[in-house]
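[1] Below is the structure, and that's it, no one-letter string:
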């Protein structure tokens with residue numbers, strides 16, 4: 001259904017409206033006499049007219065399939081590779097097709113590549129569609145064998161029918177109409193004539209893609225995108241591979257809270273179907289960005305979080321206009337560098353690297369803080385990660401912040417209860 005749009009719908013309006021009326025009547029009520037002939041649908045009418053469905057030209061459908069990533073060339077190649085892999089698993093040579101002259105008769109090997117088998121099978125399928133008798137009765141033995149191989153491939157190996165359709169329509173005359181007749185479904189009450197079935201199909205595909213595709217994670221900065229995935233592989237290796245962190249460094253993209261907001265809104269506007277999670281620093285700018293995204297009406301499969309609260313951030317050394325002090329920097333200055341334990345926050349002088357209060361963010365009526373020697377802390381974190389990746393010893397409590405972040409990511413990635 002995703003190859004059609006609502007403007008492709010056709011229907012015999014009078015028939016469809018009466019069928020809708022019949023389907024809307026509760027089973028406990030009697031069908032009015034004038035509607036009783038529409039209560040049972042056998043799929044045939046004397047006038048032979050089209051009743052309900054969707055149709056478009058081959059040229060339009062092929063273009064739409066290409067936009068979805070299903071090109072005829074790639075589809076045929078994929079099906080040939082599928083057959084080749086199956087023959088290899090069965091210990092059979094890939095260039096041989098076994099052909100029988102009749103059911104139960106001994107098979108004769110026929111030299112034929114996997115690509116030739118698929119192409120011949122597709123042609124035989126089209127030939128069968130134009131024939132009114134038993135399927136395969138008008139085919140020669142090689143065509144019948146190739147069609148059987150194609151059927152086997154479609155039944156067991158091809159998960160998406162668009163792959164088959166893209167290959168099947170290759171070479172067909174562009175003006176020929178491709179039709180999906182839904183008269184039976186309408187008559188049986190599975191849908192109504194006024195439903196936008198093509199949009200419904202796209203929504204269902206979106207849901208399926210969101211549940212099976214990688215979970216995209218957008219972070220504020222390059223360092224976040226470097227260290228959080230490594231930490232995730234250490235604290236939760238069994239689920240780390242399901243998360244795909246946006247690589248800011250390789251794609252030369254800008255960072256910062258404003259970019260997380262812009263990117264998530266852009267992804268939503270573009271209809272990105274994957275689950276998307278934005279991770280914000282637990283600072284004043286992060287709180288402001290979280291507020292903006294929360295009010296942005298993002299899709300249900302999008303989520304946003306700030307880095308978790310930390311006990312040792314509640315009384316942390318700071319520097320401001322009034323000099324040195326200790327403050328609660330939770331929600332005001334906690335960037336990712338805070339989340340690898342207190343040891344990584346120790347500076348060259350043996351003391352905790354202080355936070356310097358910087359910009360005052362008016363909408364939040366609070367100051368934004370930042371570690372004064374962030375590069376030193378980042379170096380200690382990289383060393384901590386390297387030792388953990390090479391060591392193989394149990395990870396201590398210093399990894400608890402990352403464990404908590406992992407649980408947050410899992411929670412956000414899970415489907416929302418209906």
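    On my side now, so go ahead. All values derive from a computational prediction rather than experimental measurement.
[2] Mind listing what's buried along whatever helix or strand residue 59 lives in?
    If you go by DSSP states H and E, residue 59 is part of helix 58-67. Within helix 58-67, the residues that count as buried by 16 or more other Cβ atoms under 10 Å are 58, 60-62, 64-65. Quick note: C-beta positions are derived from backbone N, CA and C, even for glycine.
[3] which of these lies closest to residue 398?
    residue 65 (51.7 Å; Cβ to Cβ).
[4] State the pLDDT value of the closest one.
    Here the pLDDT value assigned to residue 65 is 87.
[5] Make JSON lines from the buried residues of helix 58-67 and add distance to residue 138 to it.
    Compiled in JSON lines, the buried residues of helix 58-67 are given as follows (distance: Cβ to Cβ, whole Å):
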{"residue": "58", "distance to residue 138": "23"}
{"residue": "60", "distance to residue 138": "30"}
{"residue": "61", "distance to residue 138": "26"}
{"residue": "62", "distance to residue 138": "27"}
{"residue": "64", "distance to residue 138": "32"}
{"residue": "65", "distance to residue 138": "29"}
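[6] Now flag whichever of those residues is closest to residue 319.
    residue 64 (59.6 Å).
[7] Near the closest residue in space to the closest one that isn't next to it in sequence, how many other residues are there?
    Spatially, and ignoring its direct neighbours in sequence, residue 64 is nearest to residue 3 (5.2 Å; Cβ to Cβ, 6 or more residues apart in numbering). Burial measure for residue 3: 24 neighbouring residues, criterion other Cβ atoms under 10 Å.
[8] mind checking the SS state of residue 3?
    coil (DSSP: H, G, I helix; E, B strand; the rest coil).
[9] list the contacts for it?
    The contact partners of residue 3, by Cβ atoms under 8 Å, 6 or more residues apart in numbering, come to 56, 61, 64-65, 68, 162, 165, 178.
[10] Nearest to residue 216, out of the residues you listed: which one, please.
    residue 68 (19.3 Å).
[11] so where's this protein uncertain?
    Applying pLDDT under 70 to the chain flags residues 39-49, 102-104, 130-137, 156-159, 208-212, 248-254, 416-418.
[12] which strands and helices sit next to the helix holding residue 59?
    helix 161-168, strand 177-181 (3 or more Cβ pairs under 8 Å, 6 or more residues apart in numbering; DSSP states H and E).
[13] picking up where we left off before, pick out whichever of the contacts of residue 3 sits closest to residue 339.
    For those, the minimum distance to residue 339 (Cβ to Cβ) is 39.8 Å, reached by residue 68.
[14] Just give the closest residue to the closest one, not the sequence neighbours.
    Nearest residue to residue 68, sequence neighbours excluded (Cβ to Cβ, 6+ apart): residue 162, at 6.5 Å.
[15] Is there a neighbour count for that neighbour? I'd like the number.
    The tally of other residues near residue 162 (other Cβ under 10 Å) stands at 19.
[16] do the same with residue 116
    Using other Cβ under 10 Å, residue 116 is surrounded by 15 other residues.
[17] phi, psi of it?
    phi -70, psi -40 (degrees, to the nearest 10).
[18] if I look at it, how far off is residue 18?
    Residue 116 sits at a distance of 50 Å from residue 18 (criterion: Cβ to Cβ, to the nearest Å).
[19] Equivalent analysis for residue 225, please.
    59 Å.
[20] Quickly note the distance from the residue nearest to residue 83 when sequence neighbours are not counted to residue 139.
    Leaving aside its chain neighbours, residue 83 sits nearest to residue 114 (4.7 Å; criterion: Cβ to Cβ, 6+ apart). Between residue 114 and residue 139 the computed distance is 19 Å (Cβ to Cβ).
[21] What of residue 53?
    Distance, residue 53 to residue 139, by Cβ to Cβ: 28 Å.
[22] same question, residue 238
    50 Å.
[23] And these two? Which one has more around it.
    Counted by other Cβ under 10 Å, residue 238 and residue 139 do not tie: residue 139 has more neighbours, with 20 against 7.
[24] Which helix or strand contains that one?
    Counting by DSSP H and E, residue 139 is part of no helix or strand.
[25] Pull the contacting residues for it.
    Contact partners of residue 139, counting by Cβ under 8 Å, 6+ apart, are 124, 127-128, 147.
[26] burial of the closest residue to residue 328 other than its chain neighbours, as a residue count?
    Closest residue to residue 328 apart from its sequence neighbours, by Cβ to Cβ, 6+ apart: residue 314 at 4.8 Å. The local packing of residue 314 (other Cβ under 10 Å) involves 12 other residues.
[27] how far away is residue 314 from residue 285?
    20 Å.
[28] which residues of the stretch 301-418 of the chain fall in strands?
    Ranges of strands in the stretch 301-418 of the chain, per DSSP state E, counting those that start in this stretch, are 302-306, 316-320, 323-327, 333-334, 355-361, 366-371.
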